[in-house]
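1. My questions concern the predicted model and sequence given below.
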Amino acid sequence: MVDQEKVRQAISLLLEGIGEDPMREGLIETPDRVARMYAELAGGMDQDPATHLAKTFAVEADDMVIERDITFYSLCEHHLLPFYGKVAIGYIPDGRVAGLSKLARTVEVFARRLQLQERLCAQIADVLMEDLGCRGAIVLIEAEHMCMTMRGVQKPGTSTVTCARRGAFAEDPSLEERFFRMLGR
Ligand SMILES: Nc1nc2c(ncn2[C@@H]2O[C@H](COP(=O)(O)OP(=O)(O)OP(=O)(O)O)[C@@H](O)[C@H]2O)c(=O)[nH]1
Ligand SMILES: [Zn+2]
């Protein structure tokens, strides 16, 4: 749970720290705005991803389901700067499928917190295995990290690709190949 009062105090101090006057007109409401912003950007910490995957639909076939180009925005835990990009999820159902929107909602739960791209990828794959109860899951994330573009090493255009494979996808490389073929990669 984001303690908005603490964030307000911290932002006021931060403004002083960078040599600003937190009482000047343009900044007077900034601590409050930023506190509300963090409640939104870190709001995933209060959510249980299992709730989105609790409701499922029975299916006869166990064909691969892919949802691609799920846009996300997260914050890197090292610099508190955004990293953002797209997620592709593939899974092999075990008799039940999730509502399509619930995959994107699951991404949101884990993206809306301080993250590492690798952990974001792994958490999505794990929850699909545990809470959807599928036979296999694969999660591919391609993202740009602002801590690598606007500061530090300053390499705009660099993208980081991570992939987590679970269950059938970890055991059978042909499934992974099919996933990438279906994505057109
Ligand atoms: N593996 C991984 N690294 C990340 C992620 N986001 C940011 N980083 C990296 O975290 C590292 C932190 O390195 P440090 O040396 O502790 O911090 P720094 O001095 O600010 O590093 P520079 O970014 O190289 O200036 C950097 O290499 C970032 O690129 C992520 O999602 N996954
Ligand atoms: Zn970073």
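-> Cool, the structure landed. Just so you know, these numbers come straight off a predicted model, no measurement behind them. Ligands and ions are numbered 1, 2, ... in the order given.
2. List the contacts of stretch 102-117.
-> For stretch 102-117, the surrounding residues in contact (C-beta atoms under 8 Å, 6 or more residues apart in numbering) are 40-45, 47-49, 52-53, 55, 67, 70, 72-77, 80, 83, 87, 89, 120, 123-124, 127-128, 141, 143, 145, 160, 162. C-betas here are computed from N, CA, C, even on glycine.
3. Does residue 63 belong to a helix, a strand or coil?
-> Here residue 63 is coil, with the state taken from DSSP: H, G, I helix; E, B strand; the rest coil.
4. which ones are touching it?
-> 92-93.
5. Let's see that with 10 Å instead.
-> Residues in contact with residue 63 (C-beta atoms under 10 Å, 6 or more residues apart in numbering) are 92-93, 97.
6. If you drop the residues flanking it in sequence, what lies closest to residue 39?
-> For residue 39, ignoring the flanking residues on the chain, the nearest one in space by C-beta to C-beta, 6 or more residues apart in numbering is residue 2 at 4.4 Å.
7. Just list the residues touching that neighbour, thanks.
-> 35-43, 45-46.
8. quick one: which of those sit in helices?
-> 35-41 (DSSP state H).
9. circling back: mark which of the contacts of stretch 102-117 are buried, thanks.
-> Among the contacts of stretch 102-117, those scoring as buried are 41-42, 44, 47, 49, 52-53, 67, 70, 72, 74-76, 83, 87, 89, 120, 123-124, 127-128, 141, 143, 145, 162 (criterion: 16 or more other C-beta atoms under 10 Å).
10. re earlier: by neighbour count, which of the contacts of residue 63 wins?
-> Using other C-beta atoms under 10 Å as the neighbour test, these are led by residue 93, with 22 neighbours.
11. how close does the spatially most central residue of the chain get to residue 12?
-> Nearest residue to the geometric centre of the chain (C-alpha atoms, centre = their mean): residue 111, 2.6 Å. Distance, residue 111 to residue 12, using C-beta to C-beta, to the nearest Å: 28 Å.
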